[in-house]
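# missing the sequence, but the structure's below:
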Ligand code: P1T
């Protein structure tokens, strides 16, 4: 192999960074280190690991690898995407203020508003594409500005550099949820974000068989504070889950290419379908955020949302009728999924600024044969 991790392409980094053959045995793949504790030759002397909550070799491999994919100096793996979000929010103190997008994953809103809001953290939800509204919402107490792009479930494209400009002018940290785009399509830290966050349950794992979360940063001080929280609060993933995520990440690039191919075909098909009123896909020229997406994303991603012409009843009928697209929450895996966010993933925000249209469908376009996906949707939409 020529060069080193700094010069390697994405796929080489995803397969090799943090994954040197095991020194003791030559094992090619990273061993699942189940040990909870590590022997010390003398008190306080250890070879990098002492107790598995504080640090574990399988987790360390995953942390190096995903940090490398995000172009980050530091990476932290968590037991779920929400645990990763919680770790970042634990950096706040009562009286601090958070600005979050008025379009985003319902669980993020619930954590900020219902858990931290009840414990002295103030928050404001704004349209992150409206720079004036954002500037008006950011005040002297604002410590974190949270964005998702593309958003869940409306696939709104948020200009990361523009948000960073506003947030940094007030000294706030920008937290970017990169779950939908993945590091293959978008690198928020390079665009001005300070913290990049993932539900690793989705594309990073990629096979609907592991729940996990990830946080990556460049700033050493932020990294030190996150390492403290990760160890102090202890929401760490099991070694087996870290192995599963490492295994998933190895094929992230090839999977994302096929997700994008299939999603482009699905979005184009839906745009021409009479039962569909509106298609939301960043890769379509008709999308409001298309120009920004071309600047900050490599392709449009694997998620497609659509508003059906017949409202809620038509949306429910469609999600019940598909066969290849399975009716289920979650996203980002090889299997295609379809859901109705208003009664499923976004039920927790029904009476909030994040409420969504009951006629909205969200499709996580998998990597099956594209003709089977199009035929399935055509039949289900009637
Ligand atoms: O489910 P978990 O791994 O805890 O991740 C939470 C999370 C964080 N950020 C985004 C953008 C997400 O979409 C999610 C989880 N979302 C779903 C389960 C869903 O179906 O939308």
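That came in fine, so what should we check first? For clarity, every value in this text was computed on a predicted model and none was experimentally measured.

# Now residue 201: which helix or strand?
Of the helices and strands defined by DSSP states H and E, none includes residue 201.

# The closest residue to it other than its chain neighbours: what's it in contact with?
Distances taken as Cβ to Cβ, 6 or more residues apart in numbering put residue 211 closest to residue 201, at 4.7 Å, once the chain neighbours are dropped. The way it works is simple: take the backbone N, C-alpha and C, and place the C-beta from them, glycine included. Contact partners of residue 211, counting by Cβ atoms under 8 Å, 6 or more residues apart in numbering, are 79-81, 200-201, 241.

# What are the boundaries of the strands in the stretch 51-200 of the chain?
Along the stretch 51-200 of the chain, the segments classed as strands by DSSP state E, counting those that start in this stretch run 74-78, 97-101, 122-126, 142-148, 173-177, 195-199.

# Can I get those in JSON lines including mean pLDDT and mean neighbour count?
Putting those into JSON lines (pLDDT from 0 to 100; neighbours: other Cβ atoms under 10 Å) gives the following:
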{"stretch": "strand 74-78", "mean pLDDT": "99", "mean neighbour count": "26"}
{"stretch": "strand 97-101", "mean pLDDT": "97", "mean neighbour count": "26"}
{"stretch": "strand 122-126", "mean pLDDT": "97", "mean neighbour count": "19"}
{"stretch": "strand 142-148", "mean pLDDT": "98", "mean neighbour count": "24"}
{"stretch": "strand 173-177", "mean pLDDT": "98", "mean neighbour count": "25"}
{"stretch": "strand 195-199", "mean pLDDT": "98", "mean neighbour count": "29"}
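
# Any chance of the ones you listed in a markdown table with distance to residue 341 as columns?
As requested, these are arranged in a markdown table below (distance: least, Cβ to Cβ, whole Å):
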| stretch | distance to residue 341 |
| --- | --- |
| strand 74-78 | 24 |
| strand 97-101 | 15 |
| strand 122-126 | 17 |
| strand 142-148 | 14 |
| strand 173-177 | 16 |
| strand 195-199 | 15 |
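
# Of these, which is nearest the ligand?
Shortest separation from the ligand across those is recorded for strand 195-199, at 3.1 Å, computed as Cβ to the nearest ligand atom.

# and the most centrally placed residue in the chain, what is it in contact with?
The residue lying closest to the centre of the chain (Cα atoms, centre = their mean) is residue 179, at 1.5 Å. With contacts taken as Cβ under 8 Å, 6+ apart, residue 179 has the following neighbours: 81, 105, 148, 152, 197-199, 202-203, 332.

# out of the residues you listed, which touch the ligand?
Intersecting these with the surroundings of the ligand, defined as Cβ under 6 Å from any ligand atom, gives 81, 105, 148, 152, 199.

# Could you check how far the closest residue to residue 274 other than its chain neighbours is from the ligand?
Computed as Cβ to Cβ, 6+ apart, the closest residue to residue 274 that is not its neighbour in sequence is residue 309, at 7.3 Å. Note on residue 309: its distance to the ligand, by Cβ to the nearest ligand atom, to the nearest Å, is 24 Å.

# interface residues of the stretch 251-382 of the chain facing the ligand?
Taking Cβ under 6 Å from any ligand atom as the contact definition, the stretch 251-382 of the chain meets the ligand at 329-331, 345.

# what's the burial count for the residue in the chain positioned nearest to the ligand?
Of all residues in the chain, residue 81 sits closest to the ligand, with a separation of 2.2 Å (Cβ to the nearest ligand atom). Using other Cβ atoms under 10 Å, residue 81 has 25 other residues around it.

# ok, now how distant is the closest residue to residue 308 other than its chain neighbours from residue 361?
Sequence neighbours aside, residue 314 is the residue nearest to residue 308 in space, at 4.5 Å (criterion: Cβ to Cβ, 6+ apart). Distance check for residue 314 against residue 361: by Cβ to Cβ, to the nearest Å, it reads 9 Å.

# try residue 257
24 Å.

# Which one of those two is surrounded by more residues?
The neighbour count for residue 257 versus residue 361, taken as other Cβ under 10 Å, is higher for residue 361 (29 against 16).
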